[in-house]
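A.B. asks: any chance you can model this:
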Amino acid sequence: MSDLNLNKINQENIDLVVRNYVDYYNSNEDGCWTYEKAYKRIHQVMTIEDSECFVQYDNDNMTGFVMGYYKEFDDLKAYFLEEIVIFAEYQNKGYGCAFMEELDVELWKFGMLHRHSPP
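C.D. replies: Coordinates of the predicted model:
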């Protein structure tokens, strides 16, 4: 890991995110994703009100992405982590931990007080 940075998932990079998603799940998790189904899933999450979805790059290489959204409660604002994917060639190299640390920095900027991750 040399030059990690986060970018929001948007219309300019969603195609590459979707292609990598399909490749990862179909090659490593015995999935049967099509481009259309994966696009719909990712687009649904990224268009939820108060969503924050990021892609991680090491130099120019996409290493993975996270999708989630804020929920407002009477006493706190929480970020619900819907999904994190670190692509196979980047797993067990610290990218996931680095991603979560950087994600927390980004979320705190927006007043997040609690992050809920799936079990």
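A.B. asks: part of a strand, is Glu52?
C.D. replies: Yes - under DSSP: H, G, I helix; E, B strand; the rest coil, Glu52 sits within a strand.
A.B. asks: please name the nearest non-neighbouring residue to it.
C.D. replies: Nearest residue to Glu52 in three dimensions, chain neighbours excluded: Gly68, at 6.0 Å (C-beta to C-beta, 6 or more residues apart in numbering). Where you see a C-beta, it was placed from the backbone N, CA and C, and this is true even at glycine.
A.B. asks: which SSE is immediately downstream of the helix or strand where that neighbour lies?
C.D. replies: Here Gly68, judged by DSSP states H and E, is contained in strand 61-72. Per DSSP H and E, the first helix or strand lying C-terminal to strand 61-72 is strand 77-86.
A.B. asks: quick check: neighbours of that following strand in the sheet, parallel or antiparallel?
C.D. replies: Strand pairing for strand 77-86, using DSSP bridges, gives strand 61-72 (antiparallel), strand 114-116 (parallel).
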